[in-house]
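Visitor: Task: produce atomic coordinates for the following.
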Amino acid sequence: MQGHPDSDFIPVATLADLDDRGRAVVMVGGTRVALVRVEGRLHALEDTCPHRGGPLSEGDLDGPVLHCPLHAWPFDVRTGQCSRRPGVGVRIYEVRVEGEHILVSASGSFPAR
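Guide: Sure, this is the predicted structure:
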């Protein structure tokens with residue numbers, strides 16, 4: 001995918017890399033990032049829960065809310081915010097799908113506090 005017009009987006013996976021639940025874990029700049037499909041749309045968020053380091057990608061999904069598998073902290077995959085702990089969140093990344101390729105923004109953002 002050389003010569004991509006927006007160099008901030010990097011290819012990280014293909015649609016075929018998503019598991020049966022519509023998830024995958026990729027690396028973005030040394031950070032584990034969970035790709036999660038919700039209602040047909042892909043979202044990308046840091047895969048590590050800030051509470052105890054649980055892999056969010058392995059948690060239960062309830063609509064757009066992904067629960068950490070260790071202590072069920074809920075994170076909105078659209079915003080990265082934890083509804084149980086105001087001011088706590090994980091980095092989110094913008095996602096683009098081009099053909100079969102999944103690209104994420106190399107510069108994620110933290111939720112607004």
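
Visitor: I'd like to know which elements the longest strand seen in the chain is packed against.
Guide: Taking DSSP state E as the criterion, the chain has its longest strand at strand 31-38. Packing contacts for strand 31-38, counted by 3 or more Cβ pairs under 8 Å, 6 or more residues apart in numbering; DSSP states H and E, involve strand 9-14, strand 23-28, strand 41-46, strand 101-105. C-beta: built from backbone N, CA, C; applies to glycine.

Visitor: repeat that for 6 Å
Guide: Judged by 3 or more Cβ pairs under 6 Å, 6 or more residues apart in numbering; DSSP states H and E, strand 31-38 is in contact with strand 23-28, strand 41-46.

Visitor: Mind listing residues that contact the last one?
Guide: The set of residues external to strand 41-46 that reach it, using Cβ atoms under 6 Å, 6 or more residues apart in numbering, is 33-36, 77, 80, 90-93, 95, 104.

Visitor: Would you convert these into a markdown table that also reports neighbour count?
Guide: Output for these, formatted as a markdown table (neighbours: other Cβ atoms under 10 Å):
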| residue | neighbour count |
| --- | --- |
| 33 | 27 |
| 34 | 24 |
| 35 | 26 |
| 36 | 25 |
| 77 | 23 |
| 80 | 22 |
| 90 | 27 |
| 91 | 19 |
| 92 | 24 |
| 93 | 26 |
| 95 | 20 |
| 104 | 25 |
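
Visitor: Go through these and name the one nearest residue 11.
Guide: residue 104 (8.6 Å; Cβ to Cβ).

Visitor: beta partners for that closest one?
Guide: Residue 104 forms beta bridges with residue 10, residue 95, as assigned by DSSP bridges.

Visitor: From residue 31, how far out is it?
Guide: Per Cβ to Cβ, to the nearest Å, residue 104 is found 10 Å from residue 31.

Visitor: ok so, going back, nearest to residue 50 among the contacts of strand 41-46?
Guide: Among the contacts of strand 41-46, residue 90 lies closest to residue 50 (Cβ to Cβ), at 6.5 Å.
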